[in-house]
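**Student:** Build me a structure from this.
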Amino acid sequence: MSHDAALTPRAPRSPIKITLRATPMAVRDALAEARGGWRDLGLDPATCATAEQVLAEILNNVVEHALPDRPDALVVLECDAAGSGMAFEVRDDGDPMPGLRLPKGAAADIGEDPALLPEGGFGWFMIRQLTRDLSYRRQDGLNRLRFVIDRRT
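**Tutor:** Model prediction:
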C-alpha cells in the first residue's frame with residue numbers, strides 16, 4: 001500500500017436498503033441479500049445470525065398479518081451501523097398493529113408436555129430478547145418498526 005493510500009480517508013459505508021414484495025419467497029431472497037450487505041459492512045457472523053433470525057420473524061409477520069392477500073405490496077428494509085450495533089427500520093403500508101402498539105411479547109407458557117406446545121406466541125418474545133430500542137409507530141399510512149441489534153463481538 002502506498003503512503004498516499006494510507007492517508008486517503010475511507011468512503012463512508014452506505015446503509016443497506018432492500019425493497020421486497022410481500023411474499024414468503026421475497027422475504028427469503030431479501031434475507032440472503034441482507035446477509036451479503038452485512039458482510040460488506042464487516043458484521044461478524046454471530047451478529048448476522050441474530051439479525052437474520054429477528055428479521056425473518058418480523059418480515060414474515062408483515063407478510064402474514066399486515067399484508068395478507070397483498071403479494072404485490074412493498075416492504076422496505078433499511079439497516080446501517082449505529083455505534084456498537086446495527087440499526088434497522090422496516091416499513092410497510094399494511095394493516096396497523098392492533099391498538100397501534102407492539103405486542104407485549106411475554107414468554108409463552110410451554111407447560112410440561114411438548115406435544116401441547118402452542119403454535120405461536122414465541123416471535124415477539126424472541127424479538128424483544130434479541131433487540132434494543134424497539135419501537136413502532138404508524139405514520140402517514142405506514143407501519144414503521146425500528147430496532148437495534150448489538151454486535152456480538
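**Student:** thinking residue 94 is in contact with residue 61, fair?
**Tutor:** No: counting by CB atoms under 8 Å, residue 94 does not reach residue 61; the two are 10.1 Å apart. Placement of C-beta: from N, CA and C, glycine included.
**Student:** and the residue nearest the centre of the chain, what element?
**Tutor:** The chain has residue 55 as the residue nearest its centroid, 3.2 Å off, counting by CA atoms, centre = their mean. Using DSSP states H and E, residue 55 falls within helix 45-61.
**Student:** do you know how far the residue nearest to the centre of the chain is from residue 37?
**Tutor:** 12 Å (CB to CB, to the nearest Å).
**Student:** residues in contact with the residue nearest to the centre of the chain?
**Tutor:** Applying CB atoms under 8 Å, 6 or more residues apart in numbering to residue 55 gives the contacts 31, 34, 77, 88, 90.
**Student:** at 7 Å what do you get?
**Tutor:** Contacts for residue 55 (CB atoms under 7 Å, 6 or more residues apart in numbering) come out as 31, 34, 77.
**Student:** The second one should be in a helix, yeah?
**Tutor:** What that stands for is residue 34. Yes: if the criterion is DSSP: H, G, I helix; E, B strand; the rest coil, then residue 34 is within a helix.
**Student:** so how far is residue 54 from the nearest residue to residue 105 once chain neighbours are set aside?
**Tutor:** On the basis of CB to CB, 6 or more residues apart in numbering, the spatially nearest residue to residue 105 that is not a chain neighbour turns out to be residue 124, at 3.3 Å. From residue 124 over to residue 54 the distance is 11 Å, taken as CB to CB.
**Student:** again with residue 66
**Tutor:** Distance of residue 66 to residue 54, computed by CB to CB: 16 Å.
**Student:** ok, then the element right after the helix or strand of the chain with the lowest mean pLDDT?
**Tutor:** Ranked by mean pLDDT, DSSP states H and E, the helix or strand of the chain with the weakest confidence is helix 3-7, at a mean of 46. With elements assigned by DSSP H and E, the helix or strand that comes after helix 3-7 is strand 16-21.
**Student:** Count the neighbours of residue 97 for me.
**Tutor:** Applying other CB atoms under 10 Å, we find 17 residues neighbouring residue 97.
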